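Visitor: everything below, folded, please.
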Amino acid sequence: MLYWLTLLSDGGDFFNLFRYITFRAGGAFMTALIFGFLFGKPLISVLRRRQGKGQPIRDDGPEGHFVKAGTPTMGGLLIVGALLTSTLLWARLDNPFVWMILFVTISFAAIGFADDYAKVSKQTVAGVSSKLRLLLGFIIAGIAAFWAAQYHPVDLQNQLALPVFKDTLINLGYLFIPFSMIVIVGSANAVNLTDGLDGLAIMPVMIAAGALGVIAYAVGRVDFTEYLDVHYVPGTGEILIFTAGIFGGGLGFLWYNAPPAAVFMGDTGSLALGGALGAIAVATKHELVLAVVGGLFVVEALSVIIQVLYFKRTGKRVFLMAPIHHHYEKKGWAEPQIVIRFWIISLILAMIGLATLKVR
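Guide: Okay, here's the model as predicted:
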C-alpha cells in the first residue's frame, strides 16, 4: 500500500525510496517484528483465558512434555497477523504472486485454526479429520497452482526447472497443477510435523523463507537472472517483502515461543507457514530447491512415513518415536540441544540451496 507514495515523488526525494523492494522489505521486517512485540502478550493472555487447559498433550508422547500442559496454542495468529499487516502495508498490491501467496497463507491458517479449535474445545489430540484437512488443502493448492501458472512467462508455463542443470526444463503439461499441489500441501504438512518442540519449527521456517526470499528477488530481476543463469519470472521480486514479514513476525513469535514456551504456534501457524513456503517455491519455479532449503521438514515428514510403513509391514519401529525429533528426545537429548542442532542443520541446507543459484 505504501508503494503508492511513489506517486508523490519527483524522482529524488524521500518518497522515491518506496520504489525499492529492498527498502520496503526492511519496512515489512520492522513492521512485523513490532507487531509481534506489541500484540504478543495480549494475545497470549486472551488465548490462556479462552482455552483453559491449553493444547492437549499426547499420552504416548515423551514424558518431558507433560510439564507443558496448560500452555495455550493458536500462537500462529500472531505470526499470520504480523505477516498480513506487513505485507499489505509494504508490498505492491497489484502483484498477482503476492495475492496468490496470501491466499494460500490465509486459507491454510483457517484450516489450522479449525483444527486447533477442535482440539482445545474438546480437549483431544484428534482435531479435524486428516482426510478433510488434506482435501481442503489440495483444493486450495490447486487454485494457487493454476493462479501462479497464469502469470508465469509463456516459455516457463507448466515447466519444471532443475537446479544446477539450468538449461533443462521438464514439460509437465497437465501434471504441473497436481505436482504443485503436492509441493504446497506437502510443505504445509511437513512444517506441521516439525512443530513439536519449543522453537523447533519457527527458526527453520524463517531460514527457509529468507533463502526463498533471496531467490525470489533474484529471479524477479532480469539483470540478476542473466548473471546467475536462472530463469526470469517477472514480478517475483515482491515476494521478498512477504518473506521479510515472515522473518520479522517469526522473531516476534520466537520471543514468546523460546523454551519454556509461553505459547505454541499450533496448526494455525505451522500449516499457514508451510503452505506459504510451498506457494513461494511454485511462484518462483524453484520447487525442487525447496526440498533443499526446507530439507529439515522433508526429513521430519519422511521419518513419519517410514515409521508408519515399516510398522504396518513388520510390526516393528525404525525410530524410537516419530517425527524424528522425538526419537532424539527418547535417546536422552535435551530439548534445547535438539532444537539448536536442528537450527544449525536448517541453516546449512539453506546455504546449499542458495548455492544452486550460481552453480553452472
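
Visitor: now for this protein, the helix or strand with the poorest mean pLDDT.
Guide: The least trusted helix or strand in the chain, going by mean pLDDT, DSSP states H and E, turns out to be helix 222-228, with a mean of 90.

Visitor: just the CA coordinates for the next helix or strand after that helix, please, in PDB.
Guide: Sequence-wise, the next helix or strand downstream of helix 222-228 (DSSP states H and E) is helix 239-257. Extracted C-alpha coordinates of helix 239-257, given in PDB (Å, rounded to 0.1, in the frame of the first residue of the first chain):
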ATOM      1  CA  ILE A 239       7.800 -11.900  -2.600                       C
ATOM      2  CA  LEU A 240      10.900 -10.700  -0.800                       C
ATOM      3  CA  ILE A 241       8.600  -8.300   1.200                       C
ATOM      4  CA  PHE A 242       6.400 -11.200   2.200                       C
ATOM      5  CA  THR A 243       9.400 -13.300   3.300                       C
ATOM      6  CA  ALA A 244      10.800 -10.300   5.300                       C
ATOM      7  CA  GLY A 245       7.400 -10.300   7.100                       C
ATOM      8  CA  ILE A 246       7.800 -14.000   7.900                       C
ATOM      9  CA  PHE A 247      11.300 -13.200   9.300                       C
ATOM     10  CA  GLY A 248      10.100 -10.300  11.400                       C
ATOM     11  CA  GLY A 249       6.900 -12.000  12.600                       C
ATOM     12  CA  GLY A 250       8.800 -15.100  13.300                       C
ATOM     13  CA  LEU A 251      11.300 -13.400  15.500                       C
ATOM     14  CA  GLY A 252       8.400 -11.700  17.400                       C
ATOM     15  CA  PHE A 253       6.800 -15.000  17.900                       C
ATOM     16  CA  LEU A 254      10.000 -16.700  18.900                       C
ATOM     17  CA  TRP A 255      10.400 -14.200  21.800                       C
ATOM     18  CA  TYR A 256       7.400 -16.000  23.400                       C
ATOM     19  CA  ASN A 257       7.900 -19.500  21.900                       C
END
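
Visitor: average model confidence for helix 239-257?
Guide: Helix 239-257 carries an average pLDDT of 97.

Visitor: swap in stretch 158-174?
Guide: pLDDT averaged over stretch 158-174 gives 88.

Visitor: buried set for that stretch?
Guide: Neighbour counts over stretch 158-174 (16 or more other Cβ atoms under 10 Å) mark 158, 159, 160, 161, 163, 166, 169 as buried. All C-beta atoms are positioned from the backbone trio N, CA, C, and that covers glycine.

Visitor: quick one: contacts of it?
Guide: Here stretch 158-174 makes contact (Cβ atoms under 8 Å, 6 or more residues apart in numbering) with 149, 156, 176, 179, 229-231, 285-289, 292, 356, 359-360.

Visitor: mark which of those are buried, thanks.
Guide: Applying 16+ other Cβ under 10 Å to the contacts of stretch 158-174 flags 149, 176, 230, 231, 285, 286, 287, 288, 289, 292, 356 as buried.

Visitor: quick one: which of the residues you listed is nearest to residue 183?
Guide: Taking Cβ to Cβ as the measure, residue 183 lies nearest residue 287 of these, at 4.9 Å.

Visitor: okay, and residue 170 sits in which element?
Guide: With DSSP H and E as criterion, residue 170 is part of strand 169-171.

Visitor: pairing partners for that strand, with directions?
Guide: strand 159-161 (antiparallel) (DSSP bridges).

Visitor: ok, now how distant is the residue nearest to residue 219 when sequence neighbours are not counted from residue 285?
Guide: Nearest residue to residue 219 in three dimensions, chain neighbours excluded: residue 233, at 4.9 Å (Cβ to Cβ, 6 or more residues apart in numbering). Separation of residue 233 from residue 285 (Cβ to Cβ, to the nearest Å): 6 Å.

Visitor: try residue 103
Guide: 19 Å.

Visitor: if I look at residue 74, how far off is residue 100?
Guide: Residue 74 is 25 Å from residue 100, by Cβ to Cβ.

Visitor: the more surrounded of those two?
Guide: Remark: of residue 74 and residue 100, residue 74 carries more neighbours, 29 against 23, as counted by other Cβ atoms under 10 Å.

Visitor: phi first, then psi, for the more buried one.
Guide: Torsion angles at residue 74 (phi, psi; degrees, to the nearest 10) stand at phi 70, psi 20.

Visitor: ok, it touching residue 115?
Guide: No. Applying Cβ atoms under 8 Å, one finds residue 74 not in contact with residue 115, separated by 10.0 Å.

Visitor: okay, now residue 49: neighbour count?
Guide: Per other Cβ under 10 Å, the neighbour tally for residue 49 reads 9.

Visitor: please apply the same query to residue 47.
Guide: Around residue 47 there are 24 residues (other Cβ under 10 Å).

Visitor: do the same with residue 50
Guide: 12.

Visitor: ok but it is inside a helix, no?
Guide: Yes. Residue state for residue 50 (DSSP: H, G, I helix; E, B strand; the rest coil) corresponds to a helix.
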